[in-house]
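Chemist: Got a predicted structure plus its sequence, pasted below:
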Amino acid sequence: MYTTELQKVSALDNSLSADPPELVAAFEARVAADAFIEPKDWMPQAYRRTLVRQISQHAHSEIVGTLPEGNWITRAPSLRRKAVLLAKVQDECGHGLYLYCAAETLGTSREQMIEALHSGKAKYSTIFNYPTLTWADMGAIGWLVDGAAIMNQVPLQRTSYGPYARAMVRICKEESFHQRQGYEIMMTLANGSAAQKRMAQDALNRWWWPSIMMFGPPDDNSPNSAQSMRWRIKRESNDDLRQRFIDVTVPQALALGLTLPDPELKWNEARDHYDYGPIDWEEFYAVVRGEGQVAKERMSARVKAWEDGAWVREAAAAHAVKKAKRNAA
Ligand SMILES: [Fe+2]
Ligand SMILES: [Fe+2]
């Protein structure tokens, strides 16, 4: 679902010492000219490592992100809602697969990436370590979490690594459907009974700040951003994207008749942007450290799904062998 905020805080190895300077210079000139870097092109080791980490974390986030929503498929309030949520969750699994494929072009294997996730070495977006308590959370997640993901991901369609950029084009199209399905749930609840409206407000209260944090730490506290911007892996700063998200989302909340849980939120005529209150970065770093409310449940559900699905992978592999033999004959 997302470029995770974790990518933005994980250490980027800037050491280029093992890379021949003339190759680095040629690479940087290509990137500066906005050319795409392709799998067989030469690239600095740190560029490759950064991309493997970023793309695989992004893939893991897509897959782990289906857990809080999958939780509600059987409890959706109507057949229509169930079909829509099912389609959305299926899209997210597809996003995970495109991204694992993109990462594989950099020389890592699917097994290595999955192993890193399941052993806790690899990270995924902290947003999925919050619980989904009511049906309104399906609305708030689509509207805010997928909305923030779109803000993060639209610039990635022009990221410098070709396979990643192309995966993002398709993903972004599907994300805009996700955002709308979430907003439509919120609209229905906000115009429903008093209890439904309360449910929508409660979901907004719980998801607003975590969504804002999805853009990662402030620019002056995001040491790796400069190198990622230089290599055009990243195309816009955390704070710029965060501001854009807030500016777009506040009027949507007002249209719902809901209140954003930030008393300092105010339109600033001079800046031509909304001002917003301080972000609780302590909470953010606690969730990054794995202290999220449902972090353990998420990982054990993920590992169980992987183990329960082993027979499917084995059957598919056996079928492929049989088919290859038949074709050879
Ligand atoms: Fe997604
Ligand atoms: Fe999505």
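Modeler: Here it is on my side, so go on. Ligands and ions are numbered 1, 2, ... in the order given.
Chemist: tell me the contacts of residue 182?
Modeler: By C-beta atoms under 8 Å, 6 or more residues apart in numbering, residue 182 lies in contact with 138-147. Using the backbone N, CA and C atoms, a C-beta is placed for each residue, glycine as well.
Chemist: So the helix or strand hosting it, near ligand 2 or not?
Modeler: For residue 182, the host element (DSSP states H and E) is helix 162-190. Yes: legend: contact between helix 162-190 and ligand 2 by C-beta under 5 Å from the ion is shown at 175, 178.
Chemist: Go through the helix or strand just after that helix and flag the buried ones.
Modeler: Sequence order places helix 194-213 as the next helix or strand after helix 162-190, per DSSP H and E. Under the neighbour-count criterion of 16 or more other C-beta atoms under 10 Å, helix 194-213 has 196-197, 199-201, 203-204, 206-213 buried.
Chemist: Which pLDDT value goes with whichever residue of the chain sits closest to ligand 2?
Modeler: Nearest residue of the chain to ligand 2: residue 178, at 3.7 Å (C-beta to the ion). At residue 178, the model reports a pLDDT of 96.
Chemist: tell me which element the residue nearest to it when sequence neighbours are not counted is part of?
Modeler: Excluding the flanking residues, the one nearest residue 178 by C-beta to C-beta, 6 or more residues apart in numbering is residue 146, at 4.0 Å. Per DSSP H and E: residue 146 is located in helix 146-153.
Chemist: which other helices and strands contact that helix?
Modeler: helix 162-190, helix 194-213, helix 238-256 (3 or more C-beta pairs under 8 Å, 6 or more residues apart in numbering; DSSP states H and E).
Chemist: Go ahead and name everything in contact with the last one.
Modeler: The contact list for helix 238-256, computed with C-beta under 8 Å, 6+ apart, reads 5, 8, 143-144, 147-148, 151-152, 155, 183, 186-187, 190, 200, 204, 211-212, 215-219, 222, 225, 259-260, 265, 273-274, 276.
Chemist: same thing but 7 Å
Modeler: Outside of helix 238-256, the residues within contact range by C-beta atoms under 7 Å, 6 or more residues apart in numbering are 8, 144, 147-148, 151-152, 183, 186-187, 190, 204, 212, 215-219, 222, 225, 260, 265, 273-274, 276.
Chemist: Could you identify the buried members of those?
Modeler: Applying 16+ other C-beta under 10 Å to those flags 8, 144, 147-148, 151-152, 183, 186-187, 190, 204, 212, 215-217, 219, 222, 225, 260, 265, 274, 276 as buried.
Chemist: how many other residues sit next to residue 50?
Modeler: Residues near residue 50, counting by other C-beta atoms under 10 Å, number 24.
Chemist: Wait, it touches residue 233, no?
Modeler: Yes: Residue 50 is within contact range of residue 233, at 6.3 Å (criterion: C-beta atoms under 7 Å).
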